[in-house]
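A.B. asks: Give me a 3D structure for the following:
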Amino acid sequence: MLELFANEFTILIFGAILSVISPVKGLFFAVLGLLVFKEVLSGRLYKVLLDNAVPVVVMGAIIFFSAIVFTSQSKSESLLTVCSYFFCILLGYIYGKEKNDDWIRAALLMLRNVAVFACLFSFVLEIVLGQRLVTSGSFSFMQAITITNPSLYRLRSFFGHAIVFGQMIVIALVINYKLETSQMKRLLFSVILIVALLLTKSRSAWIIAVGLTSVYLIFQLKDPEYSKWNRIAILTPILLLLVYMLYRFGLFSVVASRFNELGTDVSYSQRSGAIEFIFHRFLSKPFFWLTGNGYGSSRLSMLETTVEISGFSTVDNGFLAMLYEYGLLGLCSFVILLISAGISSFRSDCDLDLVLFSVSCVCCAELMFYCELGWWVPTVILFVTCGLVLGRASTRRSDSCESDPILISE
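C.D. replies: The predicted structure is shown next:
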């Protein structure tokens, strides 16, 4: 329990979760502000800003155009939101430079534990008791689940949406598999997470989980330490057992029905229509290609049309929303951030960096399916993990320079 109060990353995650389930507005900003203020007092924030002048100038330009000049919301809300993205990156960078492996491992395992608890919470509240947690306006309350066909219900726990919950479960599965040392706990938590993942009925989370597993198996089969046939011999019975369990408990029909309904699914047609509309809207405004149309502009533009659902204001594609609101400057900066984190993690000989980047990749993949930056929990995880990888890489470069011998000519 003491880890919760000693680990800043964990505090930030809990602040983001409380912003979802608590009716108190601005709670996450208060938590983030306190952590930033702590780094200001320590002097570390000033040093990071001075040592990274070019990225800081780009950040300032994005904040200026999207949150002040072209914002579609109040300037205070825009500044708080957009600045929070960059402070999450900066805090991650600072923690990557200052904290050791044990600190990061503890933070990631705590994140896994939160996801496991969310699964158990969801099983009891939503399946057993038939209630769900709802936050509306200034109130949080329990609401009875009134869907006539229970098979249509999607678990959401306390994350507010099934897609976000599914994303958190995939992240937890990555952390659990790579960092959990106890085989019994790894197996038990994996079962809980996989069952909950299936019950979220989140197609995007399923696709990402299968994709990550496939990539991992490909790399493992190329590992010279393992025989290909040994891997096949181990994986075949596991896959057959998984297929049997899915068939035995009727979960095959759940998965199949979610993909079979794509042709008639309102969410699919809404998402594809919104993407087409907002992309053409962006192209029609060449003056804003570089700087974007400002924070919140994609939502206002969506309210001007009806694709399938009246009053639906979300593009449901994070990359396109980012392009529309922050322009090529913002989108390219984000892509450079990801590429830099990826290169740094693959150059590292520490598995912890690959886990951090894998978590970032899960968040990035989900950006293709919904506007993730509107949900603080995955947003914090995405930006802080990228910052952690880059901060750790910076420390390795500094240590390498200090250890290099100094040659003095005679």
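A.B. asks: Could you use CA atoms for every contact and neighbour count after this?
C.D. replies: Noted.
A.B. asks: In three-state terms, label residue 159 for me.
C.D. replies: Secondary structure, DSSP: H, G, I helix; E, B strand; the rest coil: residue 159 is coil.
A.B. asks: my guess is it meets residue 18, correct?
C.D. replies: No: contact criterion C-alpha atoms under 8 Å: residue 159 and residue 18 do not qualify, at 9.5 Å.
A.B. asks: okay, those two: which has more neighbours?
C.D. replies: residue 159 (26 against 19; other C-alpha atoms under 10 Å).
A.B. asks: quick one: the closest residue in space to that one that isn't next to it in sequence from residue 349, how far?
C.D. replies: Excluding the flanking residues, the one nearest residue 159 by C-alpha to C-alpha, 6 or more residues apart in numbering is residue 165, at 5.8 Å. Using C-alpha to C-alpha, to the nearest Å, residue 165 is found at 31 Å from residue 349.
A.B. asks: So between those two, which is more surrounded?
C.D. replies: Just comparing residue 165 and residue 349: by other C-alpha under 10 Å the higher neighbour count belongs to residue 165, 26 against 9.
A.B. asks: Quick check: which element contains the more buried one?
C.D. replies: helix 162-179 (DSSP states H and E).
A.B. asks: tell me what that helix is packed against?
C.D. replies: helix 101-122, helix 183-200, helix 203-221, helix 351-366 (3 or more C-alpha pairs under 8 Å, 6 or more residues apart in numbering; DSSP states H and E).
A.B. asks: Deepest-packed of those helices, please.
C.D. replies: helix 351-366 (a mean of 22; mean count of other C-alpha atoms under 10 Å).
A.B. asks: and it with helix 203-221, angle?
C.D. replies: Interaxial angle, helix 351-366 versus helix 203-221 (axes from the mean of the first three to the mean of the last three C-alpha atoms, to 10 degrees): 140 degrees.
A.B. asks: tell me the angle helix 351-366 makes with helix 101-122.
C.D. replies: Using the same axes, to 10 degrees: helix 351-366 against helix 101-122 is 40 degrees.
A.B. asks: So what touches helix 351-366?
C.D. replies: 101, 105, 167, 170-171, 174-175, 178, 204-205, 208, 341-342, 345-346, 372, 378-379, 381-383, 385-386, 388-389 (C-alpha atoms under 8 Å, 6 or more residues apart in numbering).
A.B. asks: and after it, which helix or strand comes next?
C.D. replies: helix 376-403.
A.B. asks: Check which residues of that next one are buried.
C.D. replies: For helix 376-403, the neighbour count (16 or more other C-alpha atoms under 10 Å) marks 376-394 as buried.
A.B. asks: which residues do residue 159 and residue 18 both contact?
C.D. replies: Counting by C-alpha under 8 Å, 6+ apart, nothing touches both residue 159 and residue 18.
A.B. asks: what number of residues lie near the closest residue to residue 144 other than its chain neighbours?
C.D. replies: Spatial nearest neighbour of residue 144, chain neighbours left out: residue 131 (4.5 Å); criterion: C-alpha to C-alpha, 6+ apart. Residue 131: 17 surrounding residues under other C-alpha under 10 Å.
A.B. asks: pLDDT at residue 131, what is it?
C.D. replies: Looking at residue 131, its pLDDT is 83.
A.B. asks: do the same with residue 68
C.D. replies: 83.
A.B. asks: doesn't residue 78 make contact with it?
C.D. replies: Yes: counting by C-alpha under 8 Å, residue 68 does reach residue 78; the two are 7.4 Å apart.
A.B. asks: Let me see the contact set for the residue nearest to residue 144.
C.D. replies: Residues near residue 131 by C-alpha under 8 Å, 6+ apart: 125, 142, 143, 144, 145.
A.B. asks: what's the neighbour count on the first one?
C.D. replies: Counted with other C-alpha under 10 Å, the burial measure for residue 125 works out to 18 neighbours.
A.B. asks: Look up phi and psi at the closest residue to it other than its chain neighbours.
C.D. replies: Nearest non-adjacent residue to residue 125, counting by C-alpha to C-alpha, 6+ apart: residue 131, 5.5 Å away. Per-residue torsions, residue 131: phi -120, psi 160 (degrees, to the nearest 10).
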